[in-house]
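S.K.: just to be clear, the model below is a prediction. Sequence and coordinates:
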Amino acid sequence: MSKTIIQQILAAHLVEGELVAGSPISIKIDQTLCQDATGTMAFLELEAMNVPRVKTEVSVQYIDHNTNQMGPENANDHLYLQSVCAAKGVRYSRPGNGICHQVHLERFGIPGKTLLGSDSHTPTGGGIGMVAIGAGGLDVARAMAGIPFKLTCPKIIGIKLTGKLREWVSAKDVILKVLSILSSKGNVGTAVEYFGDGVATLSVPERATITNMGAELGVTTSVFPSDDETRRFLEAEGRGADWKPLAAEEGAQYDRVIEIALDELVPMAACPSNPANVKPVAEVAGLPCSQVLVGSCTNSSLKDMQLVAAMLKGHAVSPAVSLAIAPGSKQVLRMLAEDGSLAIMLAAGCRILESACGPCIGQGFSPASGTISVRTNNRNFLNRTGTKDDQCYLVSPATAVATALTGVLTDPAALAQELGMHEPAWKMPEHFVVDDRMIIVPPADGSQVEIVRKETIGEPPHCTALPDTLDGEAVIAVGDRITTDHIMPAGANLKLRSNIPRYAKVVFDCFTEAGKPSFADRASALRDAGKAGFIVAGESYGQGSSREHAAICPMYLGVKAVLAISIERIHAANLVNFGILPLYFQKREDYEGIQQGDKITICDIRKQLSAGDDIRACVGGKEITLKCNLTAADRAVVLKGGLLAAE
Ligand code: MIC
Ligand code: SF4
């Protein structure tokens with residue numbers, strides 16, 4: 001049977017299972033990436049697995065999230081990671097070298113290879129034809145150890161792109177359009193593949209913007225063909241030999257096809273506070289803004305930044321707005337410095353931030369209370385900017401700069417017409433500036449390397465087996481679309497990632513009422529009384545990031561099961577990895593009305609799990625049946641108490 005690109009790559013890497021949508025499969029992983037906020041735990045886990053040296057073709061650890069260095073925690077993490085990478089055979093990308101996804105695309109990605117990353121935006125690599133998947137740190141640690149990655153073979157949605165984008169409409173508007181169609185929930189178990197004559201009109205950075213934000217759809221991966229444009233990109237990176245062509249085979253079938261005419265698109269904005277809450281910019285134009293940011297792994301390429309400079313040339317940022325840029329990599333920043341773009345940006349009043357995640361994950365540049373922030377990022381979940389009840393709009397770089405110039409949300413096409421401005425055509429440089437000295441290559445033999453473990457580096461998580469009966473209460477009952485940012489706040493707390501007891505104190509902090517016990521207080525009181533903690537949630541629980549702390553910290557506090565209407569892919573896998581049982585309501589009525597503090601009992605859970613999918617439970621005095629959709633292997637993992645539990 002003819003295969004799509006994703007099916008070809010999965011087939012070439014298949015270790016176990018059948019390539020039938022919905023079936024469990026496991027695949028060989030060629031490359032891994034970790035970032036620092038998830039990497040410390042991933043490496044503590046790798047150490048706990050007693051793996052002397054990684055077995056992948058390439059594994060890279062990036063320092064990009066925790067670069068604020070307020071106190072010693074971040075720098076202690078860096079020292080630990082640099083030394084453990086040297087010991088285990090992993091490349092180490094130093095702070096300042098850039099955001100993992102941008103740098104990986106530039107320096108390591110290879111069409112046709114598989115990449116597993118401990119960050120949800122790992123699918124950025126799909127922009128050059130990789131099957132690139134985000135996962136929890138433990139799954140990535142296992143991949144580094146050479147263990148195949150387990151996933152559900154995805155259904156494939158084909159997105160046919162036709163025509164060519166008009167002036168001032170960009171790749172960001174394409175993915176926002178896709179989000180408006182597919183939304184940010186209900187896409188578990190699917191992957192997206194782009195095809196059609198419109199593909200050739202998009203450069204690699206544009207494709208990478210689109211695959212990057214596929215994470216917001218909740219799909220497993222998003223992939224573009226590898227064509228001449230991909231070849232030119234890799235050649236310009238000095239890696240032409242890594243190129244190979246990739247396209248869907250003649251007659252390949254998609255489970256669903258969506259057609260997008262690029263020339264009909266207009267500038268779009270994702271309105272507060274979900275990336276799928278999309279409207280044309282024209283509909284929200286005129287809203288006063290206090291700050292604008294061009295950056296994050298979605299829109300920080302050389303192409304994006306050169307457009308910013310071209311639009312700012314000869315103008316000044318509105319006094320109402322603070323404009324900042326965070327170039328995605330040292331390569332991008334250096335090229336901006338060399339071609340004069342940086343000088344133009346500075347002259348226009350732009351603030352230059354480090355090549356790192358920074359404000360995207362609430363590390364500085366938080367907006368003033370009650371004001372609008374306009375960003376080129378991929379997520380606008382409530383409070384993610386670091387300001388309570390923020391209003392964050394996600395837009396393209398062109399819309400961001402138009403807004404920075406006027407002080408109000410502005411459609412760039414409308415502003416250009418007023419100013420008689422044309423969008424400059426972007427020509428990819430024949431050669432990017434390649435300088436890999438910020439990437440430390442590990443020694444051939446790391447056995448003598450001393451691993452530096454300062455006092456802020458904690459222990460890997462300790463897991464315990466699932467008891468025979470779960471008897472306890474709902475520590476919290478939350479609504480739909482609860483993100484991992486709600487569960488495990490980042491921002492100022494990000495530096496606690498390598499220390500579970502400290503980080504666990506802020507689980508669900510956004511729901512703590514002043515003067516009342518926090519989630520951590522309530523859960524640990526139950527745990528210490530020998531009772532089980534439960535989390536009750538609606539649809540699409542665990543949206544967003546790959547952070548496994550959203551499972552590890554609740555586990556540490558004694559949570560044994562999550563009862564939800566639906567759970568997003570990476571989070572569901574993380575729960576299993578740490579021995580928390582994901583269970584699903586079969587009827588919305590069974591979920592509605594459950595209150596925090598309601599008693600929950602699941603008798604003989606070990607027996608019930610071994611017997612089948614229907615799990616009988618008593619919730620708030622009512623007998624209900626919940627569904628368990630785990631494979632036999634995953635049930636065994638939960639029974640044992642997680643992948644790190646002793647046999
Ligand atoms: C994010 O964008 O939310 C993050 C921070 O990059 C996370 C990873 C993390 O929480 O460390 C992600 O996307 O997986
Ligand atoms: Fe970093 Fe933001 Fe990208 Fe996450 S989404 S990797 S925080 S830039």
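M.R.: In hand now; what should we look at? Ligands and ions are numbered 1, 2, ... in the order given.

S.K.: okay, the helix or strand containing Q61 in PDB with CA atoms only?
M.R.: Counting by DSSP states H and E, the element that carries Q61 is strand 58-62. Extracted C-alpha coordinates of strand 58-62, given in PDB (Å, rounded to 0.1, in the frame of the first residue of the first chain):
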ATOM      1  CA  VAL A  58      22.900  12.000  18.200                       C
ATOM      2  CA  SER A  59      21.700  13.300  21.600                       C
ATOM      3  CA  VAL A  60      21.800  17.000  22.500                       C
ATOM      4  CA  GLN A  61      21.200  18.800  25.700                       C
ATOM      5  CA  TYR A  62      20.300  22.500  25.300                       C
END
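
S.K.: could you identify the helix or strand that succeeds it?
M.R.: Counting by DSSP H and E, the element after strand 58-62 in chain order, helix or strand, is helix 73-88.

S.K.: return that following helix as PDB; C-alpha atoms alone will do.
M.R.: Output of helix 73-88 as PDB, limited to C-alpha atoms (Å, rounded to 0.1, in the frame of the first residue of the first chain):
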ATOM      1  CA  GLU A  73      19.700  27.000  40.900                       C
ATOM      2  CA  ASN A  74      20.000  27.600  37.200                       C
ATOM      3  CA  ALA A  75      23.800  27.700  37.100                       C
ATOM      4  CA  ASN A  76      23.900  24.600  39.300                       C
ATOM      5  CA  ASP A  77      21.700  22.800  36.800                       C
ATOM      6  CA  HIS A  78      24.000  23.900  34.000                       C
ATOM      7  CA  LEU A  79      27.100  22.500  35.800                       C
ATOM      8  CA  TYR A  80      25.300  19.200  36.400                       C
ATOM      9  CA  LEU A  81      24.100  19.000  32.800                       C
ATOM     10  CA  GLN A  82      27.400  19.900  31.300                       C
ATOM     11  CA  SER A  83      29.200  17.200  33.400                       C
ATOM     12  CA  VAL A  84      26.600  14.500  33.000                       C
ATOM     13  CA  CYS A  85      26.500  15.100  29.200                       C
ATOM     14  CA  ALA A  86      30.300  14.600  29.100                       C
ATOM     15  CA  ALA A  87      30.000  11.500  31.100                       C
ATOM     16  CA  LYS A  88      27.100   9.900  29.100                       C
END
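
S.K.: centre of the chain to that helix, how far?
M.R.: Helix 73-88 sits 22 Å away from the centroid of its parent chain (C-alpha atoms, centre = their mean, to the nearest Å).

S.K.: for the spatially closest residue to S318 that is not a sequence neighbour, grab the count of nearby residues.
M.R.: If the residues on either side of it in the chain are set aside, S318 comes closest to G407, at 3.5 Å by C-beta to C-beta, 6 or more residues apart in numbering. Backbone N, C-alpha and C define where each C-beta goes, glycine included. Counted with other C-beta atoms under 10 Å, the neighbours of G407 add up to 16.

S.K.: look up phi and psi at G407.
M.R.: phi 90, psi -10 (degrees, to the nearest 10).

S.K.: contacting residues for it?
M.R.: 288-289, 318-321 (C-beta atoms under 8 Å, 6 or more residues apart in numbering).

S.K.: same question, G238
M.R.: G238 touches 431-432, 434, counting by C-beta under 8 Å, 6+ apart.

S.K.: that older thread, the strand holding Q61 to helix 73-88, inter-axis angle?
M.R.: With axes from the mean of the first three to the mean of the last three C-alpha atoms, to 10 degrees applied, the angle from strand 58-62 to helix 73-88 works out at 160 degrees.

S.K.: what sits up against strand 58-62?
M.R.: Defining contact as C-beta under 8 Å, 6+ apart, one finds that strand 58-62 is touched by 30-36, 39, 43, 81, 85, 89-93, 97-100, 103-104, 108, 144, 439.

S.K.: that strand near ligand 1 at all?
M.R.: No: for a cut-off given as C-beta under 6 Å from any ligand atom, strand 58-62 has no contacts with ligand 1; the smallest distance is 10.8 Å.

S.K.: can that strand be said to contact ligand 2?
M.R.: No: contact of strand 58-62 with ligand 2 (C-beta under 6 Å from any ligand atom) is absent, the minimum separation being 9.1 Å.

S.K.: partners of that strand, with directions?
M.R.: Looking at strand 58-62 with DSSP bridges, its partner strands are strand 31-35 (parallel), strand 91-93 (parallel).

S.K.: which stretch among these comes nearest A523?
M.R.: strand 31-35 (27.6 Å; C-beta to C-beta).

S.K.: how much space separates the spatially most central residue of the chain from ligand 1?
M.R.: Closest residue to the average C-alpha location of the chain: S120 at 2.3 Å, with C-alpha atoms, centre = their mean. S120 is 4 Å from ligand 1, where distance means C-beta to the nearest ligand atom, to the nearest Å.
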